[in-house]
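# What shape does this take:
(chains A and B)
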Amino acid sequence: MEPTISVRALSKQYGRATVLDRVDTEIGPGVTGLLGPNGAGKTTLLRCLATTLAPDSGRIRVLGLDPATAAQRTEIRRRLGYLPQDPGHYPHFTAFELVDYVAILKEHTDRRARHREVRRVLAEVDLADRSRTKVRKLSGGMRQRLALAQALLGEPELLILDEPTVGLDPEQRMRFRALVSRLGESRTVLLSTHQTEDVAALCERVVVVNRGRVVFEGTPRQIAEQAAGQVWLSEEAPGAAARMFWRTADGRYRTLGDPPRHAVPADPTVEDGYLLLLGEPSEVAA
Amino acid sequence: MNREDWHVPGDLMDRYLTGRLEPAVVMSVEAHLTRCARCRAAVPYEEGWLVAGWERLAEEVDRPRPGPVERLLGRAGVPGHLARLLVATPTLSRAWVVAVVVVLACAVAVGQAVREVGASYLLAFLVAAPVLPLAGIALAYGRHVDPVHETQAATPMAGPRLLLLRAGAVLATAVVLTAAASPWLPGPPGLSAGWLLPSLALSVGTLALAVRMPVAVAAGLLGAAWLGVVGTVAAVHADDPFLFFAPAAQLMYAVAAGVFIPFVYARRSRLDPGESRWSQRSAYER
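Predicted structure coming up:
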């Protein structure tokens, strides 16, 4: 079966900076997390896939279509829901008006059917009771949910969500995870994050990007296994030779890499595997 | 017996359902129904009728109220969704409309007040007026002028369709506003309307150039060229400063617009709204 997204040798430069360097990956149905530090190239990759940014070279297929062709690019956009990293807003619009505006851009021309769809997506993100509130009066988390609502218009086959959990409080984040899990049962969801908790809770598959290259593809369990035998807990702070360590809530030190003195092994998490993959020696928290 | 133990007796319910109760008793029964699920379950209703009723109510409450411009567009035969799209234009386009109104109001005010410098004043107006729509077209679309650009760039209406729609709206607005101001300008009525065809030719010329370069660049180039050439010729040929607005020149503008319009229509898919451009064949495939 053809994957929903297929990327081959994709490269993009901004001036002399190489943001994407011959990226190869395939994304299939379900929820996939794109994980990476700030500046890794996640947003650039997602913008190329969402057809808002043209790559310098390489091949992209989205839903079996080639975005380099104008007609196929438009067809991709008909079947795509996209939440950009900075979705922007018109402050003088109400929540309903903003989503209605995007619905028109998505070719929902029949007024009654369009308004029904707008109400549906606002209810999905728990903003039905805020539909007549001006966008400028919504909190940051509500605006983020509003941006998510427009991405859900028309029940798209592919959802691309760039940092969707930014600005959400823990309860909203939990509701978001439930929503995305449900959406991922019947379509492809690709979301970027640097929150390993989101990946562990949501994603069936993880793609880790660092410095413009894909450095890992697999399941959350597999990324955690990258750290097997390299995670330690100790009462004392590790010595200067330790590559990565931080003090946990119970006062003990969690060290990645070689074991410090009197340390006991710990079960690896997605975060442990991710940090080791990035390979940046740092004290995460003292 | 407390309130929770009491339920609407059968005969009372029958009389309620058949509309045979006094208004005060109806209100009492309905007050009870709002808090008693058991009695509510005894009230028969049609599911479809209820859903449709709620939808009508929600539609009445939520639907955006069309403003005067939107209503005017509707009366002029513009489809509702397009009218909605046009009035919900970016902030900068609104600022442009305000700027055009202010410029025209000043032109009219000065033209009326200073009759003795009417000819040179009229010339300055004729040279400047065709450039106004170009500024509007340059501001009609793009990342730097629209806060929601990234969201709308991933919709099927993005790119040439939205650019052409907004450019058409800008041109129509400029023509209507400037034409409304023309009768109050000094000089013969035919001459004061002499900017219309140059304006059309420059606007369509901008779109024709935009198949090769970003529309803002095309508008800047053509606007500067027009101001430079026409301004210089008018200054040099002091004996005939209206040379560029004479009937022969007007014919030339009409021919140019006649050539550019089908050209833009045929090449509309190649219009460059100023986003990065997708090549028809990616480097990977070459």
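
# for residue A:44, what are its contacts?
A:12, A:19-20, A:53 (CB atoms under 8 Å, 6 or more residues apart in numbering or on different chains). The way it works is simple: take the backbone N, C-alpha and C, and place the C-beta from them, glycine included.

# Find the helix or strand that it is a member of.
helix A:42-49 (DSSP states H and E).

# Would you mind listing what in the stretch 101-250 of chain A touches chain B?
Contacts of the stretch 101-250 of chain A with chain B, taken as CB under 8 Å from any CB of the partner chain, map to A:101-102, A:104-109, A:111-112, A:114-116, A:118-119, A:131-132, A:147, A:150.

# since we're on the closest residue to chain B within the stretch 51-200 of chain A, how many residues are nearby?
Minimum separation of the stretch 51-200 of chain A from chain B (CB to the nearest CB) falls at residue A:57, amounting to 3.3 Å. Neighbour count for residue A:57, taken as other CB atoms under 10 Å in any protein chain shown: 17.

# Show me the beta-bridge partners of it.
residue A:11 (DSSP bridges).

# of the contacts of residue A:44, closest to residue B:261?
residue A:53 (31.1 Å; CB to CB).

# Now residue 178: which helix or strand?
Went with chain A since none was named. Going by DSSP H and E, residue A:178 is part of helix A:170-184.

# if you could check chain B rather than the one you did, that'd help
Assessed by DSSP H and E, residue B:178 sits inside helix B:160-181.

# again with residue A:148
helix A:140-152.

# chain center to the next helix-or-strand element following that helix, what's the gap?
Reading on from helix A:140-152 to the C-terminus, the next helix or strand found by DSSP H and E is strand A:158-162. How far strand A:158-162 lies from its chain's middle: 7 Å, per CA atoms, centre = their mean, to the nearest Å.

# Tell me who's in contact with residue B:271.
Listed by CB under 8 Å, 6+ apart, the contact set of residue B:271 reads B:159-160, B:163-164, B:207, B:210-211, B:215, B:264.

# if we can go back for a sec, which ones among the residues of the stretch 101-250 of chain A next to chain B are found in helices?
Judged by DSSP state H, helices contain the following of these: A:101-102, A:104-105, A:111-112, A:114-116, A:118-119, A:147, A:150.

# If any of these are buried, give me the PyMOL selection for them.
Filtering these down to the buried ones (16 or more other CB atoms under 10 Å in any protein chain shown) takes a single PyMOL command:
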select buried, chain A and resi 101+102+104+105+111+114+115+118+119+147+150
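
# Out of the ones in helices among the residues of the stretch 101-250 of chain A next to chain B, which is nearest to residue B:276?
residue A:105 (19.6 Å).

# Quick check: closest non-adjacent residue to that closest one.
Excluding the flanking residues, the one nearest residue A:105 by CB to CB, 6 or more residues apart in numbering or on different chains is residue B:155, at 3.9 Å.

# ok, now residue B:181?
According to CB to CB, 6+ apart, the nearest residue to residue B:181 is residue B:104 (4.2 Å).

# Could you check the angle the helix or strand hosting residue B:73 makes with helix B:160-181?
In the assignment (DSSP H and E), residue B:73 maps to helix B:68-75. Angle, helix B:68-75 to helix B:160-181, by axes from the mean of the first three to the mean of the last three CA atoms, to 10 degrees: 100 degrees.

# Which parts of chain B are strands?
With DSSP state E, there are no strands along chain B.

# In it, where is pLDDT below threshold?
B:1-4, B:90-93, B:95, B:107, B:110-119, B:185-192, B:279-286 (pLDDT under 70).

# which residue is nearest the middle of it?
Most central in chain B under CA atoms, centre = their mean is residue B:86, positioned 2.5 Å from the mean C-alpha point.

# and the gap between it and chain A?
Between residue B:86 and chain A the computed distance is 10 Å (CB to the nearest CB, to the nearest Å).

# ok, and the closest non-adjacent residue to that residue?
Spatially, and ignoring its direct neighbours in sequence, residue B:86 is nearest to residue B:169 (5.0 Å; CB to CB, 6+ apart).
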